[in-house]
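[1] Curious how this folds, go ahead:
(chains A, B, C and D, ligands or ions: 4)
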Amino acid sequence: MPVMTYREALRTAMAEEMERDETVVQLGEDIGVYGGTHLVTDGLLDRFGPKRVIDTPIAEGGFTGAAIGMAMMGLKPVVEMMTWNFSFLAADQIIQNAAKLRYFSGGQVSVPLVIRGPNGGGVQLSAQHTHSLEGFYGHFPGLKVVSPVTPADAKGMMLSAIRDPDPVIFLEAGALYGTKGEVPAGDAKVPFGTARVAREGSDITLIAYGRQVNLLLRVAEKLAKEEQVQAEVIDLRSIRPFDEATILASVRKTNRAVVVQEQWRWYSVASEVAAIIQEQAFDDLDAPVERVSGEEVPAPYARNLEVAAFPSEQQIVDAVHRALYRGA
Amino acid sequence: MPVMTYREALRTAMAEEMERDETVVQLGEDIGVYGGTHLVTDGLLDRFGPKRVIDTPIAEGGFTGAAIGMAMMGLKPVVEMMTWNFSFLAADQIIQNAAKLRYFSGGQVSVPLVIRGPNGGGVQLSAQHTHSLEGFYGHFPGLKVVSPVTPADAKGMMLSAIRDPDPVIFLEAGALYGTKGEVPAGDAKVPFGTARVAREGSDITLIAYGRQVNLLLRVAEKLAKEEQVQAEVIDLRSIRPFDEATILASVRKTNRAVVVQEQWRWYSVASEVAAIIQEQAFDDLDAPVERVSGEEVPAPYARNLEVAAFPSEQQIVDAVHRALYRGA
Amino acid sequence: MASSVSGTRLDNATALGWYRQIVMIRLFEEAAQRAFRQGKIGGYLHVYSGQEAVATGFLDAFRDGDKMLTAYRDHAHALILSDDPNAVMAELFGRGTGLVKGKGGSMHLFDAAHGMLGGYGIVGGHIPLGVGIAYALRYQQTDGIVHVYLGDGAIHNAAFHEAANLAGLWGREGLNPTLFILENNQYGMGTSVERATAMTDLGAKFDSYGIEHEKVDGMDLEAVLECAHRVTQRVRETGKPYAVEAMTYRLVPHGAGDFLERYRSKDEVRQWRERDPIGLVERKLLEAGVVDEQRLGEIRDEAKRIVDEAVRFADESPEPPLSELHTDVYADTAG
Amino acid sequence: MASSVSGTRLDNATALGWYRQIVMIRLFEEAAQRAFRQGKIGGYLHVYSGQEAVATGFLDAFRDGDKMLTAYRDHAHALILSDDPNAVMAELFGRGTGLVKGKGGSMHLFDAAHGMLGGYGIVGGHIPLGVGIAYALRYQQTDGIVHVYLGDGAIHNAAFHEAANLAGLWGREGLNPTLFILENNQYGMGTSVERATAMTDLGAKFDSYGIEHEKVDGMDLEAVLECAHRVTQRVRETGKPYAVEAMTYRLVPHGAGDFLERYRSKDEVRQWRERDPIGLVERKLLEAGVVDEQRLGEIRDEAKRIVDEAVRFADESPEPPLSELHTDVYADTAG
Ligand SMILES: Cc1ncc(C[n+]2csc(CCOP(=O)(O)OP(=O)(O)O)c2C)c(N)n1
Ligand SMILES: Cc1ncc(C[n+]2csc(CCOP(=O)(O)OP(=O)(O)O)c2C)c(N)n1
Ligand SMILES: [Mg+2]
Ligand SMILES: [Mg+2]
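    Residues are numbered from 1 along each chain as shown, chains lettered A, B, ... in the order given. Ligands and ions are numbered 1, 2, ... in the order given. Next up, the predicted model:
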């Protein structure tokens, strides 16, 4: 299988779809002439021209709204949110129009739109430039929200996203654009609403999405080596729709779960995962579902503070110990 | 104790604070000459003049941002969001500036700001005009988020909100402006971060906030009369900060809980409440924490559909039965 | 389709079609207000009384393949484009036979098949959509154009600024046939133009985006018709945006639930009533000798029958089935 | 405080103070770029090289009690107002001795005690704050004014439109002493003004809000100084907003991490280098016979020592204590 970076996987999927389907267009700030701030769209302007790769002014609400209008007409716009931190400026368009147009038009209008860009922190961008918005957007019916972590999923889910007849919030792991992985060639769509068992295990279920999945895999190896604990690691991938079955099957096997996320704890993805597990696997649980989340502070700049603000291996190990009722 | 409506309670608190403290100013669309769309600010313009009661153009982001600037200077602006549905347009200002300024200025700047207005549905305003945003804003550290349901709390929490040195998201029960209740005269502040036991009971804990509290009280009476079930009803009142102790104490007594909310289920207040209870009262729980939420659809207009979209007495009774392991 | 008559002058018998339409819209709105007071319509209800000449005139120049969007004051636009008063009234009543199956109500009228891409509830929020639709029309190599209606209150809103700038920018390449129709009815709710901005020549705000503009007397159907046909043609040919500020007036309270009107004087309203667009049309038709009072009365009666029928239809229509609650959220939950 | 020299002419010895400042800013930025490449500065780093005359000139007219806000290209403003290069550099290094304790970094420099109410990371987001601050200054009956700096990219953004309209409106009553300083450096990242809007006379966009405006050559410190003192006075006296479009140029890539500059030619950059504000100041000082090359060199050395010391200070400063992670979230978690 070809090996490529997360960034290339995204670009490959987009280019393939643009090749295949004339209705696919790209919009965003500096995605064309500049090449894309994160180079995800690099080369697309040369290949597909300025009518299909549209550089926009700094007007997130405006161009997201315009993309919604294009989608209403049957185009399939892919909008780059230079970073998701800027999407608060487009929140009205996303939540009030994209998510609801089908409903309040009584089914007369579709919005086949993808909004994509880097999400999450880890590179000292500080308070205004560091957010993990899975729960924020995942709350709203009418939206689909996904968060792939491997290059293969980046490509496969991007293919699904562009072909999806509904608006998709595509949250890329911003810190991982350069990471490499095998990516199936061709039309290897990864459907939404299916979680991925990233590592099998029998003793405890560790759940995350985005770059925390890699953290969990490291912790799982460590637990296996140092404590003979076999952790199952589940990558949610899709926040809405959500794959309850995979999680529940795992917890029914392991009887314990830890949910890890970079986002803040309150009213978040981990809250929901914990709620679902206790709701539907109550009798299978041998311990409370543990959560490890970002610290309840706006993201700090200083390196040491930023590291301390995000989930660490140690915090996860501690949570595993609590779930296993082992002393620290 | 004087009896007044929810609307009058809010107005009384605001007028009292404006009288007491010259730095309190009001901003919003049609709060002055027009009298306020919901008449909450009625009469304030005449009393305090146009420098302190500022009618604004339709520019939620702009005037919320301006109010943040005023707050940075030591004024205490109270912003009316004509309805919270329009706050998506101010989300960037609220989340990126109000919530984080203290942090990213290293503590040099305070934002003593209140943003208030009606929240929630129930009067057929359909998809774009019906949201319950407790979880949406409650997610962000730096904000305080409250949601009073009684006139007494409306007044008491408004007093606290205006005096609070941090930005407060004040979510009023839009459908209840006209409801009456006893309201203590004078300086009866209700502190944030304290839930209210609205009804005592021993068999099950019912948890909500906003107008669902009234629904729970009705259900509790019915359960008592028809099934000899004594439900304890807890009104969260404050979403951030959150009073875990009151809830846990209740669940430790009743061993069962149902959380009810108008907002959508995914990544919501009820998710968090369920997660907290299972985390901290795992051994006390005799049944999973049940949740009853709004249906996963944008709010429909037609009366029958709207009624079906929100939690009903029957759904709550069913959830209670599940939690009590009683057949339907 | 809208245009039933040709030309733009009120000096011939075919002009009676416009008269029927404009009267029907007024009677429809009055019926809706009554139904609101009776509790048959819920939520918000914003009627168009006083502004009829604007939609009637502009939509007369609307062609198959064109698209239009407006805010929540959208009944007239829906009546004209759908030509189905029954379905419009049924929507206001929240019935399954409504234009959008009772799901949207007064603020969200859609008739996509006839180019009506919606009424919207968030002030300004539809403007970017319109600009994107205009881009798509040219991308798809049609000669369609988009009507984007907006209020005097909406022009101060963020969405207007960003969208108008995009329209101007894309229009340079002929990729933005957006016709902005600024319905300046002098107030956004209770806030007059003077209290909303220091620069009250609202049409001139389009200068910032390189968009040409003009004003029209929005109470005078004849003036609107002339303007509409001319500028529509221009936008169609150039693919560039253009803006018209229609000076008009809302003769009724902002919403049907409003009773206080502290923000304007009775006198002011009375003065504008003298320029009621319906009265103006009547006078022109009578002066041109096209009709007599009796014929006008007959047309009003026809219009009234249409509206009465719409109310009856709405009243007798069933609520949407409960199964509709969960349809139309995603494509795979199609209704 | 900023103003160390009087007058606005570069024909006297006191003008050397400006020269020292402008050179120090340039050297500071170059040192910061080096530190970024060495990995000592994380996140984003946007330096001001080429635009020094704008902040230097305008902040010369800044008085005690005035306030200022800008975006993320904020080092120069912080250097001038705080007069504490050590604390500014330490902030970029993420140290506890930084201007905001290492919590904000390059994009969020604050020195509230000296009127610097911040650098902000969201394009346009600080503009409404500035307008509200201006209101507060008059509400509190001071004669302070607010400098709001914004880029040519920011003017197309929603926040600008709504905020400028409020400023114009409140200014009518003398309640909005906002001085908008539009730093038109020709690009927003890789997007030139021509590719961002069809109406490229950016200053004229203030017309929409009833705000008067002018242009100034932002490379020419003398021109900026003259303009700054004059318009500052005017804003202070009238309580009305005013806008200046400073025509300037970013001589370096947008961010220190950027290497590709496909969006502009080397030739263009070279041409602008000829109008480097520092070179222009030097030439004027020499032509006026105020200094010789040697004295200029000495001043550059002084500036270099200041910057070297700032780097040393930053380097040797400790990281913030971990306890700072949880402070400054709410008032009751004060640091
Ligand atoms: C973003 C937003 N803010 C506030 C409102 C509440 N609101 C509804 S209509 C209206 C006035 C709009 O005025 P204008 O654009 O002039 O339209 P008109 O009602 O005069 O037709 C307001 C403020 C809203 N719907 N959306
Ligand atoms: C709302 C928002 N969108 C996008 C960005 C990313 N971004 C950072 S700087 C910049 C360009 C801004 O250009 P301009 O206002 O001209 O300022 P300059 O960098 O030239 O000083 C962009 C797009 C951002 N920070 N905020
Ligand atoms: Mg209006
Ligand atoms: Mg620029």
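[2] Please count neighbours and contacts with C-alpha atoms only from this point.
    OK.
[3] backbone phi and psi for residue 29, please?
    As the question left the chain open, I've gone with chain A. Main-chain dihedrals, residue A:29, degrees, to the nearest 10: phi -80, psi 120.
[4] where in the chain is pLDDT low?
    Chain wasn't specified; assuming chain A. In the predicted model, chain A carries pLDDT under 70 at residues A:328.
[5] that's the wrong chain, I meant chain C
    In chain C, residues with pLDDT under 70: C:1-6, C:334-335.
[6] Give me the neighbour count for the residue of the stretch 51-200 of chain C at minimum distance from chain D.
    Across the stretch 51-200 of chain C, no residue is closer to chain D than residue C:158, which sits at 4.3 Å (CA to the nearest CA). Residues near residue C:158, counting by other CA atoms under 10 Å in any protein chain shown, number 30.
[7] So it is in contact with residue D:159, correct?
    Yes. At 6.6 Å, residue C:158 counts as touching residue D:159 under the criterion of CA atoms under 8 Å.
[8] which residues do the two both contact?
    Common contact partners of residue C:158 and residue D:159 (CA atoms under 8 Å, 6 or more residues apart in numbering or on different chains): residue B:61.
[9] Not counting sequence-adjacent ones, nearest residue to residue C:121?
    Distances taken as CA to CA, 6 or more residues apart in numbering or on different chains place residue C:72 nearest to residue C:121, at 5.2 Å, with adjacent residues excluded.
[10] OK, contacts around the one you found?
    Contacts of residue C:72 by CA under 8 Å, 6+ apart are C:46, C:106-108, C:119-121.
[11] does stretch C:177-187 come close to ligand 1?
    Yes. Looking at stretch C:177-187 against ligand 1 by CA under 6 Å from any ligand atom, the contacts come from C:185, C:187.
[12] How about that stretch, which residues are buried there?
    C:177-187 (16 or more other CA atoms under 10 Å in any protein chain shown).
[13] wait, which of those residues is closest to chain A?
    Of those, the one sitting nearest to chain A (CA to the nearest CA) turns out to be residue C:178, at 12.0 Å.
[14] In contact with residue A:184, which residues?
    When contacts are counted by CA under 8 Å, 6+ apart, residue A:184 touches A:1-2, A:152.
[15] Strands of the stretch 101-250 of chain C, start to end?
    C:116-119, C:146-151, C:178-184, C:187-188, C:191-192, C:212-217, C:242-247 (DSSP state E, counting those that start in this stretch).
[16] strand partners of the fourth one, parallel vs antiparallel please.
    Each strand pairing with strand C:187-188, determined using DSSP bridges, is listed with its direction: strand C:191-192 (antiparallel).
[17] how far does stretch A:266-284 sit from the chain's center?
    Relative to its chain's centre, stretch A:266-284 lies at 19 Å (CA atoms, centre = their mean, to the nearest Å).
[18] Stretch C:77-96 too?
    13 Å.
[19] where do the helices sit along the stretch 1-150 of chain C?
    Secondary structure of the stretch 1-150 of chain C (DSSP state H, counting those that start in this stretch): helices at C:16-37, C:52-60, C:75-82, C:85-92, C:127-139.
[20] Do you have the helices of the stretch 151-300 of chain C handy? List them.
    Under DSSP H, counting those that start in this stretch, the stretch 151-300 of chain C gives helices at C:158-171, C:193-196, C:221-238, C:266-273, C:277-287, C:293-316.
[21] possible to save those helices as CSV with distance to ligand 1?
    Below are the helices of the stretch 151-300 of chain C laid out as CSV (distance: least, CA to the nearest ligand atom, whole Å):
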stretch, distance to ligand 1
helix C:158-171, 9
helix C:193-196, 8
helix C:221-238, 18
helix C:266-273, 14
helix C:277-287, 16
helix C:293-316, 23
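[22] List just the one of those that sits closest to chain A.
    helix C:158-171 (4.9 Å).
[23] Does the closest one reach ligand 2?
    No. Helix C:158-171 stays out of contact with ligand 2 when judged by CA under 6 Å from any ligand atom, the minimum separation being 12.0 Å.
[24] Would you mind listing the residues in contact with the residue of the stretch 1-150 of chain A found nearest ligand 4?
    Residue of the stretch 1-150 of chain A nearest ligand 4, by CA to the ion: residue A:58 (10.9 Å). With contacts defined as CA under 8 Å, 6+ apart, residue A:58 is in contact with A:29, D:123, D:153-154, D:156-157.
[25] repeat that for 7 Å
    A:29, D:153-154, D:156-157 (CA atoms under 7 Å, 6 or more residues apart in numbering or on different chains).
[26] Phi and psi next, for it.
    Torsion angles, degrees, to the nearest 10, at residue A:58: phi -80, psi 90.
[27] separation between it and residue C:129?
    17 Å (CA to CA, to the nearest Å).
[28] Equivalent analysis for residue A:85, please.
    Distance from residue A:85 to residue C:129, by CA to CA: 22 Å.
[29] got TSV for the helices of the stretch 1-150 of chain C, with distance to ligand 1 too?
    As requested, the helices of the stretch 1-150 of chain C are exported to TSV (distance: least, CA to the nearest ligand atom, whole Å):
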stretch	distance to ligand 1
helix C:16-37	14
helix C:52-60	12
helix C:75-82	12
helix C:85-92	17
helix C:127-139	11
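[30] wait, which of those helices is closest to ligand 2?
    helix C:127-139 (16.6 Å; CA to the nearest ligand atom).
[31] is that closest one anywhere near chain B?
    No. With CA under 7 Å from any CA of the partner chain as the criterion, chain B is not reached by helix C:127-139; the gap is at least 13.8 Å.
[32] Packing partners of that helix?
    Helix C:127-139 sits against helix A:60-72, strand C:146-151, helix C:158-171, with contacts defined as 3 or more CA pairs under 7 Å, 6 or more residues apart in numbering or on different chains; DSSP states H and E.
[33] most tightly surrounded among the ones you listed?
    helix A:60-72 (a mean of 31; mean count of other CA atoms under 10 Å in any protein chain shown).
[34] Give me the residues contacting whatever helix or strand comes next after that one.
    Sequence-wise, the next helix or strand beyond helix A:60-72 is strand A:76-80, with elements assigned using DSSP states H and E. Contact with strand A:76-80 is made by A:23-28, A:64, A:67, A:70-71, A:112-117, A:162, as judged by CA under 7 Å, 6+ apart.
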